[in-house]
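[1] Here's my sequence, what's the structure:
(2 chains)
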Amino acid sequence: MSDAASNQWVDSQRGFISRDIFVDPKVYQLELEKLFTRAWLFVGHESQIPNPGDFFTSRMGEESVILCRDKKGEVHVFLNSCRHRGMKVCRYEQGNTSLFTCPYHSWTYATDGKLQGVPLYKSLYDGVLDRSEHSLIEVPRLVKYKGTVWASWDAQAPDFFTYLGDAKQHIDQALDCRDGREGGSEVIGVHKWIIPANWKLAAENFLGDTYHNPSHRSVDLIGIGPSAAAGVKGRRDDELAKAKHIWVSFMQGHGVHSAIAPEGNEYVNSFLSDPEIEEYFRHCFEERKRRLGEQARLLPFTGTIFPNTSYHGRQPRGLCSWHPHSPTETEAWRFFLVDADAPAQVKEYLRHYYMRYSGPAGMTEQDDMENWLYATRASMGTIARRYPFNYQQSMNTSKMNDLVPGNVSTQMTEEMARGYYRAWSRYLNDSDWDIILGRDGVQHAAAAE
Amino acid sequence: MSEVMAASRPKRSLAWYELKQEVEEFLYAEVDLLDERRFEEWLDLLAEDIVYFMPMRRNVKFGQHAERENTKLGSGISWFDEDKWTLTKRVEQILTGVHYAEEPLSRICHMITNVQLLQANPSPEEAKEVTVKSRFLVYQNRVEHETYTLVGKRTDVLRRHGDSWQVAKREIILDQNVLLAKNLTVFF
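    Numbering: from 1, shown residues only, chains lettered A, B, ... in the order given. Now for the predicted structure:
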């Protein structure tokens, strides 16, 4: 096993991880410096900025950035900070503009980031200040993928698809149309709230922590799923009832929980209280099957793309960013997705389900936040920090490239978390990209276990 | 009083003030049920066709507030866009005793102030439906040290129901952008 995949906090071989990484300000600072400056981060969705001049203010790590479509239609991500004294040049959440004007000394920037106006330039700066050198700071790497926009601050970062690796076919299921056409989603709203817990607790939950089901017992008892009004219990309809569940860990640190439908791949009724909605999704399902063939048997559930982007692939469909806010605080953003061309009635149905399920007002996820808060509070003590968290579930049960590419388990496992923290260690150990991506020829723990 | 205010102000009469008093008492009694955790009795005060709405609020440019500041009822995502069914589900969930975000139960205190009767239809004397605006300060303390203060405005439409009233519509304007609370388990 490569030394890069462990350190003083992470013993992924035995399955122990120090509580320090969830509470210690020093570790948090290292993450900001070594991880959030390099990894590919989800910034926003093109449907939020459809027209030239449109912008959406986002975050990368702790830092404010502007996702902007310039006057020519090109998409940019800028650091939201004036080159003069650092004031945020945009404090609006979303909108359309031809200029970003700094409120402090009125330096103005065009939508392509260029410094356009400097008050009293001729008399105060002429011959000294090179305006062309003072554009808004722009990410060196940006990719648009099926509507989503991702960026990295590391010019040397591998291309996005190398970074995604074989997790691509899983997150695709969240981004593609329900009928199998590529992309085509739109964001219908973004929840933003503060979770009083370290950002990694949310990220690792979405890797496929199926074991935490009991904490959602209350919603399962009362039933809040799409068919709840028809008397079906549970928090979502079991579209995966006949499918084989798989938990997959990837070298890059991503982890997913997906499922593979049995041969024949029959539609499972999931909207019993509304025949028209049911008919729509049945139609989408059959279309997808026709388009994708065998490939359509892969069904998504949840996943986390390292380090802090998670998705729900089906119900309730969306993307989450877990922005680090402090060692023990996360600013959570949940982007809700629908097919842009879905009938109004379908969107209406889905948004209601998303709201009752998700986020701080969602009946399901409220219980997650309670867990993460008190796990954090109870891990801050000197004594508590002597005892690491246990990640030993289903050790040595995953197999490389079994059913799908990746390190695959057919029983619930914490292998995705072990893989995630192996990747986390590589960043904190300043590993080069070859080591992070497993291109160094060393037999890695994921394969060795 | 400015001319604008005077023009929009319904005519005051004794019946108007009696009605306002009655409505205030209803609002205070209603939140007593919540603060005393009598959730099922509280549900009885909600009309079957209740619209219970809390938008998310965005930072927008001057001049765009009316159009863009708040998410809209009936489209996209808000904090709450609920009907009686989901509110009933929320109560059922608390009553399971295993809704860990409210188990143990929070201590909640609703302060309802600045009550303004805006409309009485068809008349203050025979009011079948009233529109009433108020401010709320909801204090939540749970377990040991966890405390939230949620402050904002409400506009309610109340409908005469026997000797009392029912809430037919409630718009809750929470004065926050990023929600500074881990959860919204409280009713407003």
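[2] So which bits of chain B are right by chain A?
    Counting by CB under 8 Å from any CB of the partner chain, the residues of chain B lying close to chain A are B:54, B:56, B:58-61, B:64, B:68, B:71, B:75-82, B:85-86, B:89-90, B:92-93, B:96, B:98-102, B:143, B:146, B:177-185. No exception for glycine: its C-beta is placed from N, CA and C like everyone else's.
[3] Please pick the buried ones from the residues you listed.
    Neighbour counting with 16 or more other CB atoms under 10 Å in any protein chain shown marks B:54, B:56, B:58, B:60, B:68, B:71, B:76-82, B:86, B:89-90, B:92-93, B:98-102, B:146, B:178-179, B:181-185 as buried within the residues of chain B next to chain A.
[4] ok so, going back, can you list which of the residues of chain B next to chain A are found in strands?
    Applying DSSP state E to the residues of chain B next to chain A, the entries found in strands are B:M54, B:F80, B:D81, B:E82, B:E146.
[5] so who does the closest residue to the last one other than its chain neighbours touch?
    This points to B:E146. The shortest distance from B:E146 to any non-neighbouring residue, by CB to CB, 6 or more residues apart in numbering or on different chains, is to A:L373 (7.3 Å). Under the criterion of CB atoms under 8 Å, 6 or more residues apart in numbering or on different chains, the contact list for A:L373 reads A:I195, A:P196, A:A197, B:E146, B:K182.
[6] Could you report the distance from the first one to A:E415?
    By that I understand A:I195. Separation of A:I195 from A:E415 (CB to CB, to the nearest Å) stands at 25 Å.
[7] Show me which of those two is the more surrounded one.
    The residue with more neighbours, out of A:I195 and A:E415 and counting by other CB atoms under 10 Å in any protein chain shown, is A:E415; that gives 29 against 26.
[8] Tell me which helix or strand B:K153 sits in.
    Counting by DSSP states H and E, the element that carries B:K153 is strand B:146-161.
[9] and the helix ranked longest in chain B, what does it pack onto?
    Among all segments of chain B classified by DSSP state H, the helix with the greatest residue count is helix B:14-35. Identification of packing neighbours for helix B:14-35 by 3 or more CB pairs under 8 Å, 6 or more residues apart in numbering or on different chains; DSSP states H and E yields helix B:39-44, strand B:107-121, strand B:129-142, strand B:146-161, strand B:164-174.
[10] So which bits of the second one are buried?
    Along strand B:107-121, these residues count as buried under the neighbour rule (16+ other CB under 10 Å): B:I108, B:H110, B:I112, B:V115, B:L117, B:A120.
[11] same check, this time on the last one
    Taking 16+ other CB under 10 Å as the neighbour-count basis, strand B:164-174 is seen to contain the buried residues B:W165, B:Q166, B:V167, B:A168, B:K169, B:R170, B:E171, B:I172, B:I173, B:L174.
[12] Next, the angle helix B:14-35 makes with that strand.
    Between the direction of strand B:164-174 and that of helix B:14-35, the angle (axes from the mean of the first three to the mean of the last three CA atoms, to 10 degrees) works out to 70 degrees.
[13] what angle sits between strand B:164-174 and strand B:146-161?
    Computed by the same axes, to 10 degrees, the angle between strand B:164-174 and strand B:146-161 is 140 degrees.
[14] that older thread, quick one: contacts of the longest helix of chain B?
    Everything outside helix B:14-35 that qualifies as a contact, by CB under 8 Å, 6+ apart, is B:10, B:39, B:41-42, B:45, B:108-110, B:112, B:115, B:117, B:120, B:123-125, B:127, B:130, B:132, B:134, B:156, B:158, B:164-165, B:167, B:186-187.
[15] same thing but at 7 Å, please
    Taking CB atoms under 7 Å, 6 or more residues apart in numbering or on different chains as the criterion, the residues outside helix B:14-35 that touch it are B:10, B:41-42, B:45, B:108-110, B:112, B:115, B:117, B:120, B:124-125, B:127, B:130, B:132, B:134, B:158, B:164-165, B:187.
[16] For A:K289, list the residues it contacts.
    If a contact means CB under 7 Å, 6+ apart, then A:K289 has A:N265, A:A296 as its contacts.
[17] As CSV, the helices and strands packed on helix B:14-35 with mean pLDDT and distance to A:R236 would be great.
    Putting these into CSV (pLDDT from 0 to 100; distance: least, CB to CB, whole Å) gives the following:
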stretch, mean pLDDT, distance to A:R236
helix B:39-44, 98, 25
strand B:107-121, 97, 29
strand B:129-142, 98, 27
strand B:146-161, 98, 28
strand B:164-174, 98, 27
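[18] Serialize the ones you listed to CSV and add fields for distance to A:F160.
    Compiled in CSV, the helices and strands packed on helix B:14-35 are given as follows (distance: least, CB to CB, whole Å):
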stretch, distance to A:F160
helix B:39-44, 48
strand B:107-121, 46
strand B:129-142, 42
strand B:146-161, 39
strand B:164-174, 37
